[in-house]
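> Predicted model, plus sequence, below.
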Number of protein chains: 2
Amino acid sequence: MPSLREASPELQEAMDRILNDVNKTISRLLPETDLAENKLFTAMRHGVLNGGKRLRPFLLIHSALLFNVDEERARRVAAALELMHCYSLIHDDLPAMDNADFRRGEPSVHRKFDEATAILAGDALQALAFEILASEETHADPRVRVELVTALARASGGHGLCGGQMLDLLGETEEFDVGTISRMQRMKTGMLIAFACEAGAILGKTDEARRRALRNYAFDLGMAFQVTDDILDVEADPKAMGKPANQDEAAGKSTFVTTLGKEQAKTRASMLVEQAVRHLHCFDESRVKMLKEIAYYVLERRA
Amino acid sequence: MPSLREASPELQEAMDRILNDVNKTISRLLPETDLAENKLFTAMRHGVLNGGKRLRPFLLIHSALLFNVDEERARRVAAALELMHCYSLIHDDLPAMDNADFRRGEPSVHRKFDEATAILAGDALQALAFEILASEETHADPRVRVELVTALARASGGHGLCGGQMLDLLGETEEFDVGTISRMQRMKTGMLIAFACEAGAILGKTDEARRRALRNYAFDLGMAFQVTDDILDVEADPKAMGKPANQDEAAGKSTFVTTLGKEQAKTRASMLVEQAVRHLHCFDESRVKMLKEIAYYVLERRA
């Protein structure tokens, strides 16, 4: 479990609640079966329900609450997003990619099962994410559902997550400048985090200005998250992280820390969080409290 | 290229036309880029545009034409379906799965590029398939689009294609009876073929009876296709197939041929095609000519 000592009691409570609620929703949407191929579903569940802070669901639900969206609907979209995020982690951990034996302190899916099962589990999680978004239970208006499908598909495809992963792999043999690293991280993590906040706006059928404000908040927050991730890779306690330290450097990857140095990376992370929070000015102060607090938490987290 | 000598000139012409049209649509929807990560798009294109008979697009477009659906729209859905089919082939060929060096006479994606790129190319193709289905250009009615997304997600997820693949892998160490093989093949190939025909019905907003007729036609045809595939694995010319012979037996897989024997498998394929064609009785004879002909072609093909 990550150390959460920097979170205020109120933020901690809100995070815990969403974590529990979303895990229940995921478990319900992805049950064990008594089918001969149940190994696939066990592997999918292992890849999704083995911990995780549920940062994206938190952002999604708190963005949706700004527009008084029914929380059960927001939770379904949050579950779909988390399935997508976790499928990418399962594939990322494969021997041909990052070759990671552990994830969140547990054996990665291909270590607990086998490579073929891990590939299929990721594939099936992606399909399930879209199935959930397209379901009538997610929103009564089919226009909202296709908009969610479109946004998630773009955020996760060749011009989003997968493209960012490709760049990341190319970065093992090419040296990237800070501009390319930023672009890579925007695709690799920024776009799914932006989807989290935009999905709230889509569910709430809000205007373009508010949607853009949330998107910009999310991109800055996502980048701050990635910069602190790079810092944590070199300085965090491996036990708190649930994975070994210095994995990026060992893989010869260009990161914000290898490129900017640790101190400048920390300054950049702080600036990004300040910038993220400023995008929320168009909302009522009292309603964006949690979105602000989570931004500072991302900066101060220890795992 | 597969030998098509059994196809009538009219069927051959219809197949060629759809193959060309759908390839153009795919090429347009999946262009090369000048981005640093273009390797991903080159790999995706290699996995999709390296041949293939485009049987699923043929079924989809001819089903859609029964209801006078605009062909350009049907082609977009056919392209999305083919992206999905080809992503599954790319992942299927990976060393951890079938470990196939060749596909359609060309190096498989992980052989031409590398494993990590092949995994990502498959992942990005799946996302693109859903993005295409959700686009307004595919159909003006968002209800039709979410229905297409739902149907494709179900056909390709844990209770469809991916579940079938899982069973297939389990079949390397467990011996399956003919019932389990049928269920596996229904999931592995039947459901995407059924999607092809149902998508025509969805686009055409037809009634449940016609939709069911097309689904049943597709399931019988898909099963006949798989039985002949198992027969071709043991008796076809490897050059015409573009891959080595006896791959299934070498992998210790249970197939219709290993379970029923070759002669009984042939009888079963014929019966299935007759049964498939009978489901089309509710349509005007003159309009289902191509759907009937392709069913007999599936039976008689040599590759």
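Cool, the structure landed.

> I'd like to know how far the residue most central in space within chain A sits from A:F130.
With distances taken as CA atoms, centre = their mean, the residue of chain A nearest its centroid is A:R56 (4.9 Å). Using CB to CB, to the nearest Å, one gets 16 Å for the distance from A:R56 to A:F130. For glycine as for every other residue, the C-beta is placed from the backbone atoms N, C-alpha and C.

> Surely the residue nearest to the centre of chain A is in contact with A:M191?
No - taking contacts as CB atoms under 8 Å, A:R56 lies outside contact range of A:M191: 11.3 Å.

> and the residue nearest to A:K262 when sequence neighbours are not counted, what does it touch?
Of all residues not flanking A:K262 in the chain, A:I231 sits nearest, at 6.3 Å (CB to CB, 6 or more residues apart in numbering or on different chains). Contact analysis of A:I231 by CB atoms under 8 Å, 6 or more residues apart in numbering or on different chains lists A:F256, A:V257, A:K262, A:A265, A:K266, A:A269.

> Next secondary structure element downstream of the one helix or strand the fifth one maps to?
This points to A:K266. Per DSSP states H and E: A:K266 is located in helix A:262-278. Using DSSP H and E, the next helix or strand after helix A:262-278 towards the C-terminus is helix A:289-300.

> Which other helices and strands does that next one contact?
In this structure, helix A:289-300 packs against helix A:9-29, helix A:55-65, helix A:208-235, helix A:262-278, with contacts taken as 3 or more CB pairs under 8 Å, 6 or more residues apart in numbering or on different chains; DSSP states H and E.

> Just say which of the ones you listed is most tucked in.
Of all the helices and strands packed on helix A:289-300, helix A:55-65 carries the top mean neighbour count, a mean of 25, counting by mean count of other CB atoms under 10 Å in any protein chain shown.

> burial of A:F41, as a residue count?
Residue neighbour count, defined by other CB atoms under 10 Å in any protein chain shown, stands at 20 for A:F41.

> which one is it nearest to, not counting chain neighbours?
That would be A:T33: by CB to CB, 6+ apart, it lies 5.4 Å from A:F41.

> so is the one you found in a helix, a strand, or just coil?
With DSSP: H, G, I helix; E, B strand; the rest coil as the basis, the three-state label of A:T33 is coil.

> And for it, the neighbour number?
A:T33: 14 neighbours (other CB under 10 Å).

> separation between it and B:Q126?
Distance from A:T33 to B:Q126, by CB to CB: 22 Å.

> Also A:S108?
21 Å.

> just to revisit the earlier point, could I get the helices and strands packed on helix A:289-300 in TSV, plus columns for mean pLDDT?
Converted to TSV, these look like this (pLDDT from 0 to 100):
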stretch	mean pLDDT
helix A:9-29	97
helix A:55-65	98
helix A:208-235	94
helix A:262-278	95
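
> can you put the ones you listed in TSV and add distance to B:D168?
TSV is the format used below for the helices and strands packed on helix A:289-300 (distance: least, CB to CB, whole Å):
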stretch	distance to B:D168
helix A:9-29	25
helix A:55-65	33
helix A:208-235	37
helix A:262-278	46
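
> so which of the ones you listed comes closest to A:R145?
helix A:55-65 (14.6 Å; CB to CB).

> Please name every helix or strand in contact with that closest one.
helix A:9-29, helix A:71-92, helix A:191-203, helix A:208-235, helix A:289-300.

> Which neighbouring elements make contact with the third one?
With contacts taken as 3+ CB pairs under 8 Å, 6+ apart, helix A:191-203 sits against helix A:55-65, helix A:71-92, helix A:142-156, helix A:161-170, helix A:208-235.

> distance between the second one and the chain's centre?
Read it as helix A:71-92. Relative to its chain's centre, helix A:71-92 lies at 8 Å (CA atoms, centre = their mean, to the nearest Å).

> That helix to helix A:161-170, inter-axis angle?
With axes from the mean of the first three to the mean of the last three CA atoms, to 10 degrees applied, the angle from helix A:71-92 to helix A:161-170 works out at 30 degrees.

> and what of the first one?
Taking the same axes, to 10 degrees, one finds helix A:55-65 and helix A:161-170 inclined to each other by 150 degrees.

> try the longest one
In this structure, helix A:208-235 runs at an angle of 30 degrees to helix A:161-170, with the same axes, to 10 degrees as the basis.

> who's in contact with A:L19?
A:K53, A:R54, A:P57, A:F58.

> Could you point out which of the residues you listed is nearest to chain B?
Using CB to the nearest CB, the shortest approach to chain B within these belongs to A:P57, at 20.0 Å.

> residues in contact with A:V288?
A:L66, A:L280.

> which of the residues in stretch A:95-104 are buried?
The neighbour-count check on stretch A:95-104 (16 or more other CB atoms under 10 Å in any protein chain shown) flags A:P95, A:A96, A:M97, A:D98, A:A100, A:R103 as buried.

> burial of A:A245, as a residue count?
Neighbours of A:A245 using other CB under 10 Å come to 15.

> That one is in contact with A:K239, isn't it?
No - here A:A245 does not reach A:K239: they are 10.0 Å apart, not a contact under CB under 8 Å.

> Dihedrals phi and psi, A:F67?
phi -110, psi 20 (degrees, to the nearest 10).

> Then A:R103?
When read as degrees, to the nearest 10, the backbone of A:R103 gives phi -150, psi 120.

> before we move on, the earlier item: ok, now how distant is the residue nearest to the centre of chain A from A:E300?
19 Å.

> same check, this time on A:C86
25 Å.

> More neighbours: which of those two?
A:C86 (25 against 13).

> which element is the nearest residue to that one once chain neighbours are set aside on?
The shortest distance from A:C86 to any non-neighbouring residue, by CB to CB, 6+ apart, is to A:V48 (4.4 Å). Secondary structure assigned from DSSP H and E places A:V48 in helix A:38-49.

> Could you pull out the buried residues of that helix?
Buried, per 16+ other CB under 10 Å, within helix A:38-49: A:K39, A:L40, A:F41, A:T42, A:A43, A:M44, A:R45, A:H46, A:G47, A:V48.

> Can you pick out the most distant pair from these?
Across the buried residues of helix A:38-49, no pair lies farther apart than A:K39 and A:V48, at 15.2 Å, counting by CB to CB.

> Contact partners for A:L65?
Contacts of A:L65 by CB under 8 Å, 6+ apart are A:E71, A:A74, A:G200, A:R287.

> Now pLDDT and neighbour count too, for these, in JSON lines please.
Shown next, in JSON lines, are those (pLDDT from 0 to 100; neighbours: other CB atoms under 10 Å in any protein chain shown):
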{"residue": "A:E71", "pLDDT": "97", "neighbour count": "14"}
{"residue": "A:A74", "pLDDT": "98", "neighbour count": "28"}
{"residue": "A:G200", "pLDDT": "98", "neighbour count": "28"}
{"residue": "A:R287", "pLDDT": "95", "neighbour count": "14"}
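
> What is the nearest of those to B:L148?
So of these, ranked by how close each gets to B:L148 (CB to CB), first place is A:A74, at 24.4 Å.
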